[in-house]
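J.: Following is a predicted model, sequence given first.
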Amino acid sequence: MAGFDPAPYCIPGEITVHEVMDMKRAFDLIDEDKSGVIDAEELQGAAVALGIPMEENISVLLGTDKITFDEFFKRMTAKLSPADKVDDIMGIFELFDNDATGTITFENMQNVARIIGAKETPQEIQAMLSTLDTDGDNELDPVDFYTCLVNGMRIRLEEEDRMRREQADQMRDQMESMSRGSRSMGPGGSTATLSMRQ
């Protein structure tokens, strides 16, 4: 990793230098031949080494492509947008459902957490699963998963909109304050000039 600069990948308030470095370490571990790209064979080897059955899902994650760290980073940090279709969301579901049972279990979530280096404890993972599970079977079916992602996206978009409005309000207040400040100053540009003339 000598010579790797994480700064261009950092996103203030979202992705730290440490998280970028963790992703780079994971990428380098998977990139067994040190070619600078990951292929399906290398990802399969990493999954086997971690004891994660992903045979069905390697093609969903990579297809036949070889991906660079830039692409790996984009895929690891991608966010849903309103333009994403049900098929895109189901592709993500299939990545979590790495044993191809049609549901996401606690074990599936732990496998994904292990792959991405998540810091959540088993108790936190179970709490997430329990919160998102709508029918009480301790598994996420496609409807649970879709609802969770779409609601999460809606909440994120509402939060981003709220933050934009707050920033616009702050800017407007600053502009008004500056405008009032310049009107209260005398013709010479400062209140000190006025008092000296008197």
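T.: Looks like it came in fine.

J.: State the pLDDT value of Ser177.
T.: Here, the pLDDT recorded for Ser177 equals 84.

J.: Would you check the distance separating whatever helix or strand it lives in from the middle of the chain?
T.: Using DSSP states H and E, Ser177 sits in helix 142-184. Distance of helix 142-184 from the chain centroid (Cα atoms, centre = their mean, to the nearest Å) equals 19 Å.

J.: and that helix, what does it pack onto?
T.: If you count contacts as 3 or more Cβ pairs under 8 Å, 6 or more residues apart in numbering; DSSP states H and E, helix 142-184 packs onto helix 86-96, helix 122-132. Quick note: C-beta positions are derived from backbone N, CA and C, even for glycine.

J.: what does the model give the residue nearest the centre of the chain for pLDDT?
T.: For the chain, Thr77 is the residue whose C-alpha lies nearest the centre (Cα atoms, centre = their mean; 3.9 Å). Thr77 carries a pLDDT value of 70.

J.: which residue sits closest to it, ignoring its sequence neighbours?
T.: Ile15 (6.2 Å; Cβ to Cβ, 6 or more residues apart in numbering).

J.: which stretches of the protein have low pLDDT?
T.: 1-2, 44, 46-64, 78-86, 150-157, 182-198 (pLDDT under 70).

J.: Kindly tell me how buried the residue nearest to Thr77 is, as a neighbour count.
T.: Other residues lying near Ile15 total 16 when counted by other Cβ atoms under 10 Å.

J.: Kindly state the beta-bridge partners for it.
T.: Ile11 (DSSP bridges).

J.: And it, how close does it get to Ile67?
T.: 18 Å (Cβ to Cβ, to the nearest Å).
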